[in-house]
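Undergrad: the following block contains a protein sequence and its predicted model.
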Amino acid sequence: MSNLNRMKNIIIEKTLKLDCGKEISNFPLAYETYGNLNEKKDNAILIFHALTGDQYASGINPITKKEGWWNYAVGPGKSFDTDKFFVICANVIGGCMGSYGPGTIDPLTNKPIGTNFPVITINDMVNAQYNLLDYLKIEKLFAVAGGSMGGMQVLQFVSNFPNKAKVALPIACTASHSAQNIAFNELGRQAIMSDSNWKEGLYYEKSTNPDKGLAVARMAAHITYLSKQGLQEKFGRNLQERSDLKFGFDADFQIESYLRYQGSVFVDRFDANSYLYITRAMDYFDLTKQYGGNLSKAFKDTKTKFFIISFTSDWLYPTSENKDIVIALNAIGADVGFVEIKTDKGHDSFLLDVPDFLSTIKNYLNTTYSNINERRI
Amino acid sequence: MKEEFKVISKFIEEKSRVLDVGCGDGILMEYLLKNKVVDVRGLEISKEKVKKCLSKGLAVIEGDAESDLKQFPDLSFDYVILSQTLQAFMSPENVIENLLRVGKKVIVTIPNFGHWKVRLDLLLKGEMPVTKNLPYQWYNTPNLHMCTIQDFYNFCNNKRVNIYKSISLNGEKISNITTSNLKYKNLISELGIFLLEK
């Protein structure tokens, strides 16, 4: 509980009209910041987290005691250099790290909201986080950045607030969630909802969570974050602490044991209902459709400089889908850079130690920041 | 190299939008940004070079001019530059067509295969020419479609492409190419720089 008390959060009093039609107000948004806002207030970067991330991007997460989800990229001297930049990261609404979500206690009933929580969208997440900028009195961000669902939020943010950020870094993402991705998310949701402990989402009181379902959801998703080649190189057909096959259904193979471990640690830090809501928000994301089938229109008024990055072995958000964003931006003459980084680490590459990726972002941000200050661009 | 950039930069009017196709490490883009008020974008096929450009904060996208130029709308740039890469394409014809579609004006520079040293190499040694500007052997050259300044003139005539200006570069010497001195310039130029219009 002491850790929860240390958590930074704001209460958003203003009414937020959600895409589903419902309105919410007086809701909490938990966040964390790294580095210092300079006097000119021109060095702030808002980072958006992915499906299972939270506001603790860097350093040690005080709740899980593990490294922050983007510790490779965010910190002193790193890609998002906190000696130089003021990095802000908030837990998305629908999440389970202090922001308004299905686990939040409803003051009227004194019980967790559970599945009475409204279905939210990427647009709702971004609009909720916008309030944080008002609270921190930041007129203009230097950059918005994020990978995967974080990248979707970057795209939505720039389309909602065309000139609020000078630079946008959508990484390994898409403008329109694909059928394949919806399918994988549905698999995860079904795993959770078919766990008898889920109880239509009202499991909080019973203190028996749908851990098995959530773990299976995580295991399935985890496979999609890696590449076939990466898996083969890391695990191959290696056996788990045994010299031969056991002719049973224990984890004979290292890959099985690895996935089971990933599932088991995930349930300790993540809420099953949050998983349902956030995956749903990703599935509903279709920025192209929001703008009548023409993605270029989403960015028509923007002066933001875009830098889009994809990874060769990412089959979940493949280069082709990232390139569609580049094409839409080029069609309207927007300022856009794009590179596909070569790696066998799959979709997860953006979270991992991929030196090419990390150094290119670092150099891009540092140079662009000084160029803007020298008014060269 | 410096002279080529000077000529290109002179062709370009202030406050225009420029696309550098095959921008490499982005040195020409940097040169233009330093010397002109322009909005410059780049397209480059090599990941390593794209990373270098992005590290310098340049707006460069990774892509292949033969397939990725089509994403740019008609006449979306004031100038499109193709510096010494035309000969490396599978289909220079299609690339030129696309450049002329995307750019109001197009600047093309070509290493001249009609230069006397090149001709002499083949004539005397009977070997494929290897020179300062064309340093490759026949078996490892990326240059699939070499041409001479005369060839390029003929090509433009056949395609009804208007050559607005043409400049010869020989070492550090910059001179104009005209229809009357074309045969001579084709012999002494290392590089031809052309400003084209559809």
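TA: Nice, I can see it.

Undergrad: secondary structure class of A:Ile45, three-state.
TA: strand (DSSP: H, G, I helix; E, B strand; the rest coil).

Undergrad: relative to chain B, which residue of the stretch 1-150 of chain A is the closest?
TA: A:Ser79 (11.7 Å; C-beta to the nearest C-beta). Just so you know, the C-beta spots here come from the backbone N, C-alpha and C atoms, and that holds for glycine as well.

Undergrad: give me phi/psi at A:Thr33?
TA: Phi and psi for A:Thr33, reported as degrees, to the nearest 10, are phi -130, psi 150.

Undergrad: got the contact list for it?
TA: Residues in contact with A:Thr33, defined by C-beta atoms under 8 Å, 6 or more residues apart in numbering or on different chains, are A:8, A:86-89, A:136.

Undergrad: now intersect the residues you listed with the strands, please.
TA: With DSSP state E as the criterion, strands contain A:8, A:86-89 from among those.

Undergrad: buried ones among the residues you listed?
TA: Buried by 16 or more other C-beta atoms under 10 Å in any protein chain shown: A:86-89, out of the ones in strands among the contacts of A:Thr33.

Undergrad: which one of the contacts of A:Thr33 sits closest to A:Gly146?
TA: When the contacts of A:Thr33 are ranked by distance to A:Gly146 (C-beta to C-beta), A:Cys89 comes first, at 9.1 Å.

Undergrad: one step back: need the contacts of A:Thr33 in TSV with distance to chain B, can you?
TA: What follows is the contacts of A:Thr33, written out as TSV (distance: C-beta to the nearest C-beta, whole Å):
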residue	distance to chain B
A:Lys8	32
A:Phe86	20
A:Val87	19
A:Ile88	22
A:Cys89	23
A:Leu136	26
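
Undergrad: same list, those, but as CSV with distance to A:Thr33 please.
TA: As requested, the contacts of A:Thr33 are exported to CSV (distance: C-beta to C-beta, whole Å):
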residue, distance to A:Thr33
A:Lys8, 7
A:Phe86, 7
A:Val87, 7
A:Ile88, 5
A:Cys89, 8
A:Leu136, 8
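
Undergrad: point out where the chain drops to low pLDDT.
TA: All of this is about chain A. Scanning chain A for pLDDT under 70 picks out the ranges A:1-5, A:375-377.

Undergrad: ah, I was thinking of chain B
TA: B:1.

Undergrad: what segments of it are helices?
TA: B:2-11, B:27-35, B:47-55, B:65-68, B:92-102, B:116-120, B:149-158, B:182-188 (DSSP state H).

Undergrad: quick one: closest of these to chain A.
TA: Comparing the helices of chain B by C-beta to the nearest C-beta, helix B:47-55 comes nearest, at 3.4 Å.

Undergrad: any buried residues in the closest one, and which?
TA: Buried residues in helix B:47-55, defined by neighbour count with 16+ other C-beta under 10 Å: B:49-55.

Undergrad: and of these, the nearest to A:Tyr291?
TA: B:Leu54 (26.9 Å).

Undergrad: distance check, B:Leu43 against A:Ile192.
TA: According to C-beta to C-beta, to the nearest Å, B:Leu43 and A:Ile192 sit 45 Å apart.

Undergrad: tally of neighbours for A:Ser320?
TA: 9 (other C-beta atoms under 10 Å in any protein chain shown).

Undergrad: element containing A:Phe338?
TA: Using DSSP states H and E, the element containing A:Phe338 is strand A:335-341.

Undergrad: the helix or strand just after that strand close to chain B?
TA: Later in the chain than strand A:335-341, the nearest helix or strand by DSSP H and E is helix A:355-373. Yes. Helix A:355-373 comes into contact with chain B (C-beta under 8 Å from any C-beta of the partner chain), by way of A:356, A:359-360, A:363-364, A:367-368, A:371.

Undergrad: check which helices and strands helix A:355-373 sits against.
TA: If you count contacts as 3 or more C-beta pairs under 8 Å, 6 or more residues apart in numbering or on different chains; DSSP states H and E, helix A:355-373 packs onto strand A:80-81, strand A:141-147, strand A:165-171, strand A:305-311, strand A:335-341, helix B:47-55.

Undergrad: switch to 7 Å and redo it
TA: When contacts are defined as 3 or more C-beta pairs under 7 Å, 6 or more residues apart in numbering or on different chains; DSSP states H and E, helix A:355-373 sits against strand A:165-171, strand A:305-311, strand A:335-341, helix B:47-55.

Undergrad: tabulate these (TSV), appending distance to B:Leu99.
TA: Output for these, formatted as TSV (distance: least, C-beta to C-beta, whole Å):
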stretch	distance to B:Leu99
strand A:165-171	29
strand A:305-311	24
strand A:335-341	19
helix B:47-55	20
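
Undergrad: show me what contacts residue 55?
TA: Reading this off chain A. Residues in contact with A:Gln55, defined by C-beta atoms under 7 Å, 6 or more residues apart in numbering or on different chains, are A:30-32, A:89-91, A:97.

Undergrad: oops, I was thinking of chain B
TA: Counting by C-beta under 7 Å, 6+ apart, B:Ser55 touches A:360, A:363-364, A:367.

Undergrad: now the residues you listed in JSON lines, with neighbour count?
TA: As requested, those are exported to JSON lines (neighbours: other C-beta atoms under 10 Å in any protein chain shown):
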{"residue": "A:Thr360", "neighbour count": "23"}
{"residue": "A:Asn363", "neighbour count": "17"}
{"residue": "A:Tyr364", "neighbour count": "26"}
{"residue": "A:Thr367", "neighbour count": "17"}
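
Undergrad: what is the nearest of the residues you listed to B:Phe113?
TA: The nearest one, if we look at these relative to B:Phe113 and count by C-beta to C-beta, is A:Thr360, at 36.9 Å.

Undergrad: so that closest one sits right up against B:Lys52, yeah?
TA: No. Taking C-beta atoms under 7 Å as the definition, A:Thr360 is not a contact partner of B:Lys52, at 9.0 Å.

Undergrad: residues near A:Asp81, how many?
TA: For A:Asp81, using other C-beta under 10 Å, the count is 21.

Undergrad: from A:Asn366, how far out is it?
TA: A:Asp81 is 7 Å from A:Asn366, by C-beta to C-beta.

Undergrad: helix, strand, or coil at A:Ala217?
TA: Secondary structure, three-state DSSP: A:Ala217 is helix.

Undergrad: any idea how far A:Phe285 is from it?
TA: From A:Ala217 to A:Phe285 the distance is 19 Å (C-beta to C-beta).

Undergrad: what about the two, which has more around it?
TA: Ranked by neighbour count (other C-beta under 10 Å), A:Ala217 and A:Phe285 place A:Ala217 first, with 29 against 25.

Undergrad: which residues touch that one?
TA: Contact analysis of A:Ala217 by C-beta under 7 Å, 6+ apart lists A:188, A:191-192, A:275.

Undergrad: among these, which are in helices?
TA: A:188, A:191-192, A:275.

Undergrad: biggest separation within the residues you listed, which pair?
TA: A:Ala191 and A:Tyr275 (9.5 Å).

Undergrad: more neighbours: these two, which one.
TA: Just comparing A:Ala191 and A:Tyr275: by other C-beta under 10 Å the higher neighbour count belongs to A:Tyr275, 28 against 24.

Undergrad: so the more buried one touches A:Gly213, yeah?
TA: No. At 9.3 Å, A:Tyr275 does not count as touching A:Gly213 under the criterion of C-beta under 7 Å.

Undergrad: near residue 44, how many other residues are there?
TA: Reading this off chain A. Applying other C-beta under 10 Å, I find that A:Ala44 has 23 neighbouring residues.

Undergrad: chain B, not that one
TA: Neighbour tally, B:Glu44, other C-beta under 10 Å: 29.
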